[in-house]
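Q: just coords:
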């Protein structure tokens, strides 16, 4: 049963019955970023708005529904996505971890997180984990979030926090807005970050039977963030299985790309509801790229692109479906 609760981790493991240490860290930060008096004021305002329609038109189903909507708006616009782990819910986190890992095992025989050099990784108090590729669902992102040894915030696109209920699920899992100010705040509070560098643009790359595509040649924002936050090491990660789990459709692709550029929504269309059956779904966590005294954003970026390519080609032979695949870096 243990393998349904957590991906197998090579060179390091974590009990499936424990909340990872960053959960405890988040709980300690919650009081600082959300004082009890703020919580009480928010609760009182929500209660007042819930009762307002009833006070105006009387007790009925419509007034009750209107009250629920009004009270929910208090929480919808409270800016929690900009406060690292401010709405973290341990029970939901455990449920999400169990559900996600069970889903991975439902279509992949071998589910693992492989650390190339965990000894070096754990020496750093905080790092930025950068993942490729995004794929249709970015299933590797939660896998990294659940497996890495650091106290970690998972970054999500701002638009994700504008969707009711999805917003709550993300916040309860400890996710935060991917904007630079929020990232800096998380790093200042001692968190590491996990980010899918290619973002929603990479999500719309059509499926190829011959190669994976990673967008990183023009992506330097996360490197500038690492520099400005104290020259934090960057850890390249590659997911073997993400790009081939779904075949995608080209239906309305130009429109979907326009939509992505305009409002940041990655609307990928898979040809099947469920992922295809895979032998391996493995996240390989590379060696941290450390800043030397003479390093600049440009030199670290070149090292990063090379590291992603090396990570792919050094490990593709370990996984049958990737033995003959190539990597196209854009």
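A: Yep, it's here. This structure is a prediction, so every number in the text was calculated from the model and none was measured.

Q: All the helices of the stretch 51-200 of the chain, in order from the start?
A: 61-76, 90-107, 118-121, 140-147, 166-172, 180-188, 199-203 (DSSP state H, counting those that start in this stretch).

Q: Quickly compare those helices and say which is most buried.
A: Highest mean neighbour count among the helices of the stretch 51-200 of the chain (mean count of other CB atoms under 10 Å): helix 140-147, with a mean of 25. Where C-beta positions appear, they are placed from N, C-alpha and C, glycine not excepted.

Q: Not counting its own residues, what contacts that one?
A: Outside helix 140-147, the residues that touch it by CB atoms under 8 Å, 6 or more residues apart in numbering are 6-7, 9, 14, 20, 96-97, 100-101, 104, 111, 113, 129, 131, 152, 154, 173-174, 194, 196, 237, 239, 241-242, 283, 285.

Q: now it, how far from the chain's geometric center?
A: Distance of helix 140-147 from its chain centroid, counting by CA atoms, centre = their mean, to the nearest Å, is 7 Å.

Q: what's the angle from the helix or strand encompassing residue 235 to helix 140-147?
A: Secondary structure from DSSP states H and E places residue 235 in strand 234-240. Computed by axes from the mean of the first three to the mean of the last three CA atoms, to 10 degrees, the angle separating strand 234-240 from helix 140-147 equals 120 degrees.

Q: next SSE after strand 234-240?
A: Moving toward the C-terminus from strand 234-240, the next helix or strand (DSSP H and E) is helix 253-263.

Q: What residues sit buried inside the helix or strand following that following helix?
A: Proceeding N to C from helix 253-263, the next assigned helix or strand is strand 278-285, under DSSP H and E. Buried residues in strand 278-285, counted by 16 or more other CB atoms under 10 Å: 278, 280, 281, 282, 283, 284, 285.

Q: cool, stretch 301-310 as well?
A: Buried residues in stretch 301-310, counted by 16+ other CB under 10 Å: 301, 303, 304, 305, 307, 308, 309.

Q: gap between the first one and residue 226?
A: Distance of residue 301 to residue 226, given as CB to CB, to the nearest Å: 11 Å.

Q: repeat for residue 55
A: Remark: distance between residue 55 and residue 226 (CB to CB) = 53 Å.

Q: of the two, who's got more company?
A: Applying other CB atoms under 10 Å to residue 55 and residue 226 shows that residue 226 carries more neighbours, namely 25 against 11.

Q: Residue 235 is in contact with that one, correct?
A: No: in this structure, residue 226 is not within contact of residue 235 by CB atoms under 8 Å, at 10.3 Å.

Q: joint contacts of the two?
A: Common neighbours of residue 226 and residue 235 (CB under 8 Å, 6+ apart) are residue 128.

Q: Wait, residue 282 touches residue 111, no?
A: Yes: applying CB under 8 Å as the test, residue 282 and residue 111 come out as touching, 7.4 Å apart.

Q: rewinding a little: shared neighbours, residue 301 and residue 226?
A: Common contacts of residue 301 and residue 226 (CB under 8 Å, 6+ apart): none found.
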